[in-house]
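Peer 1: give me coordinates for this.
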Amino acid sequence: MSHTEHDLRELLAARSEGGGRGGAAGLDGILARGRRIRRGRRWAAAGTLAAALAVLAVLTPSLLAGLPGGKGRQANIAASVGEKGSPGENKEGVRLAGARSESTGKVERLSFTPRSGRTFYRVNCAAGWAFVRLGDQVDGGQCGADDTQWTMSGSLGEAREGVPVTVEAFTVPASQVSQDIRDRSDGALSSGDFDRVLADATPGAGLWEIAVHDGYVLTSSCSPDICLDGTTFAARGERNLAGVPNGHQVEGHRYTEINKRFALKVEVKDGARVYVRCAGEDLHAFIWAGKADRSGVLAKSLPCGAKPALWEFSSSGGGPTEITVAVVRRDRLPGGTDFTSDLQAASKNANRLLGTLRPEAGNWEVSVQQRDEPEAKVHVSEGPDGRRYTFDD
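Peer 2: Prediction:
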């Protein structure tokens with residue numbers, strides 16, 4: 001095994017010279033989504049019978065995949081929408097508009113011109129509820145809830161071919177959605193409900209995105225930092241909204257304790273990445289290449305909140321790759337301690353810190369993803385706004 005991530009190469013070279021979609025959505029969620037999908041205005045392009053068959057075609061493989069022996073997490077089971085043809089074909093219409101946000105309780109507006117009478121949207125979020133409005137149509141529902149559903153999606157029945165429109169959307173934590181809104185989220189929400197939830201929302205940090213497509217939309221298409229367990233390619237070769245290489249999850253875990261080291265062994269080859277996502281803005285993540293001892297190297301030390309902590313690396317694939325991860329509260333970091341410039345010293349400081357802390361409750365998760373695109377097709381550049389990716393055709 002060899003780690004060749006950029007900021008570790010010199011250190012590793014010097015040292016060498018010296019000698020985890022499982023789980024199906026709940027029945028209530030499935031029924032609620034089914035009721036919304038059955039609304040006539042949400043199926044402007046299809047008759048009642050055709051719509052029912054399309055829903056059945058989408059739900060059946062998703063439900064089966066969520067049963068024992070199924071493969072992967074089946075998010076957004078009943079939110080899946082489509083047109084004639086099998087969703088397994090991994091086809092969707094042209095993307096008309098898209099946006100990403102790191103803030104909850106804040107509206108994103110997408111202006112575009114529909115190309116046909118079939119305009120669909122998809123909202124992906126790490127946690128919470130999403131609300132979408134176009135004219136008199138208001139949709140609301142869970143996304144990123146309870147590890148079962150990353151996406152809320154549906155049809156924009158108010159859209160008309162060739163007529164410019166503006167779609168409004170926002171997300172909020174589930175705790176900020178009143179019970180009466182939840183009870184009417186199967187198709188009975190109004191523009192007043194949209195405005196009320198937004199007015200009552202407390203702005204905060206939360207990663208989410210919305211995409212609008214002409215025609216069929218894939219509910220499994222999602223940026224990998226939101227849907228940690230892997231994604232499919234976006235429409236017709238378009239990139240996911242994060243603009244990062246797609247990948248599939250090799251290992252993923254959810255934890256309920258912090259101030260402890262957790263070790264993973266994974267089989268990866270060439271480009272891979274580790275995402276650590278935390279429920280809260282007040283946490284900090286440490287990621288080691290190897291064990292968190294003298295033989296390990298602290299690869300990354302990053303805040304963990306609205307944005308996941310990310311470490312990208314490469315492995316020769318000659319054996320299991322060892323990774324160790326720990327999360328602590330940010331206010332426990334010693335003032336003036338450098339956890340970034342000298343990785344060897346930082347590793348000692350991190351272990352010293354963890355040795356003084358007792359385990360306590362805290363929610364976070366880790367995902368190790370195998371990158372699906374060859375290194376030669378992905379070009380990475382660092383800038384003031386962070387890491388950017390460009391791709392060869």
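Peer 1: for the protein, where's the lowest mean pLDDT among helices and strands?
Peer 2: Using mean pLDDT, DSSP states H and E, the weakest-scoring helix or strand in the chain turns out to be helix 48-66, at a mean of 34.
Peer 1: all strands of the stretch 51-200 of the chain, in order?
Peer 2: Per DSSP state E, counting those that start in this stretch, the stretch 51-200 of the chain carries strands over the ranges 95-104, 108-112, 119-125, 129-134, 137-142, 151-155, 165-172.
Peer 1: surely Arg122 touches Leu156?
Peer 2: No - counting by Cβ atoms under 8 Å, Arg122 does not reach Leu156; the two are 11.2 Å apart. (Glycine included, C-beta is placed from N, CA and C.)
Peer 1: what touches both of these two?
Peer 2: Residues touching both Arg122 and Leu156 (Cβ atoms under 8 Å, 6 or more residues apart in numbering): there are none.
Peer 1: neighbour count winner among these two?
Peer 2: The neighbour comparison of Arg122 against Leu156 (other Cβ atoms under 10 Å) goes to Arg122, with 32 against 25.
Peer 1: lowest average pLDDT across the strands of the stretch 51-200 of the chain?
Peer 2: With a mean of 92, strand 151-155 has the lowest mean pLDDT of the strands of the stretch 51-200 of the chain.
Peer 1: residues in contact with the most centrally placed residue in the chain?
Peer 2: Centroid check for the chain by Cα atoms, centre = their mean gives Ile226 as the closest residue, at 1.1 Å. Residues in contact with Ile226 (Cβ under 8 Å, 6+ apart) are Asn124, Cys125, Ala126, Gly144, Trp150, Leu207, Trp208, Glu209, Ala242.
Peer 1: skipping adjacent residues, who's closest to it in space?
Peer 2: Asn124 (4.9 Å; Cβ to Cβ, 6 or more residues apart in numbering).
Peer 1: how much space separates the one you found from Ala361?
Peer 2: As judged by Cβ to Cβ, to the nearest Å, Asn124 and Ala361 stand 27 Å apart.
Peer 1: higher neighbour count, these two?
Peer 2: Remark: of Asn124 and Ala361, Asn124 carries more neighbours, 30 against 8, as counted by other Cβ under 10 Å.
Peer 1: show me the shaky parts of the protein.
Peer 2: Residue ranges of the chain with pLDDT under 70: 1-90, 145-148.
Peer 1: please report the distance of the nearest residue to Gly280 once chain neighbours are set aside from Val167.
Peer 2: Residue nearest to Gly280 in three dimensions, not counting chain neighbours: Gly305, with 6.4 Å by Cβ to Cβ, 6+ apart. Counting by Cβ to Cβ, the separation of Gly305 from Val167 is 27 Å.
Peer 1: related to what we said a few turns ago, OK, contacts around the residue nearest to Gly280?
Peer 2: So Gly305 contacts Ala205, Cys278, Gly280, Glu281, Asp282, Leu283 (Cβ under 8 Å, 6+ apart).
Peer 1: select only the buried ones of the residues you listed in PyMOL?
Peer 2: PyMOL command restricting those to the buried ones, with burial defined by 16 or more other Cβ atoms under 10 Å:
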select buried, resi 278+280+283
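Peer 1: what about the contacts of Gly305, which are in strands?
Peer 2: Judged by DSSP state E, those include Ala205, Cys278, Leu283 as members of strands.
Peer 1: mind listing what the first one touches?
Peer 2: Applying Cβ under 8 Å, 6+ apart, we find Ala205 in contact with Glu102, Ser103, Thr104, Glu281, Gly305, Ala306.
Peer 1: so the fourth one sits right up against Lys307, yeah?
Peer 2: No - applying Cβ under 8 Å, one finds Glu281 not in contact with Lys307, separated by 10.0 Å.
Peer 1: ok, the residue nearest to Ile226 touching Leu218?
Peer 2: No - between Asn124 and Leu218 there is no contact under Cβ under 8 Å: 11.1 Å.
Peer 1: quick one, phi/psi of Thr202?
Peer 2: Thr202 adopts backbone torsions of phi -100, psi 110, taken as degrees, to the nearest 10.
Peer 1: is it true that it touches Gly105?
Peer 2: Yes - using Cβ under 8 Å, Thr202 makes contact with Gly105 at a distance of 6.1 Å.
Peer 1: what about these two, which has more around it?
Peer 2: The neighbour comparison of Thr202 against Gly105 (other Cβ under 10 Å) goes to Gly105, with 19 against 10.
Peer 1: can you give me the offset of stretch 128-146 from its chain's centre?
Peer 2: In terms of Cα atoms, centre = their mean, to the nearest Å, the centre of stretch 128-146 is found 16 Å from the chain centre.
Peer 1: alpha carbons only: can I get that stretch in PDB?
Peer 2: Provided in PDB are the C-alpha atoms of stretch 128-146 (Å, rounded to 0.1, in the frame of the first residue of the first chain):
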ATOM      1  CA  GLY A 128     -33.600  18.200   6.800                       C
ATOM      2  CA  TRP A 129     -36.700  19.100   4.800                       C
ATOM      3  CA  ALA A 130     -36.900  20.800   1.300                       C
ATOM      4  CA  PHE A 131     -39.500  23.100  -0.100                       C
ATOM      5  CA  VAL A 132     -39.900  24.000  -3.800                       C
ATOM      6  CA  ARG A 133     -42.300  26.600  -5.300                       C
ATOM      7  CA  LEU A 134     -43.300  27.400  -8.900                       C
ATOM      8  CA  GLY A 135     -46.300  29.600  -9.100                       C
ATOM      9  CA  ASP A 136     -49.200  28.000  -7.200                       C
ATOM     10  CA  GLN A 137     -47.400  24.700  -6.900                       C
ATOM     11  CA  VAL A 138     -45.600  24.100  -3.600                       C
ATOM     12  CA  ASP A 139     -43.900  20.800  -2.700                       C
ATOM     13  CA  GLY A 140     -42.300  19.800   0.500                       C
ATOM     14  CA  GLY A 141     -40.700  16.700   1.900                       C
ATOM     15  CA  GLN A 142     -37.800  15.100   3.700                       C
ATOM     16  CA  CYS A 143     -34.300  14.800   2.200                       C
ATOM     17  CA  GLY A 144     -31.300  13.400   4.000                       C
ATOM     18  CA  ALA A 145     -33.500  12.000   6.800                       C
ATOM     19  CA  ASP A 146     -32.600   9.100   9.100                       C
END
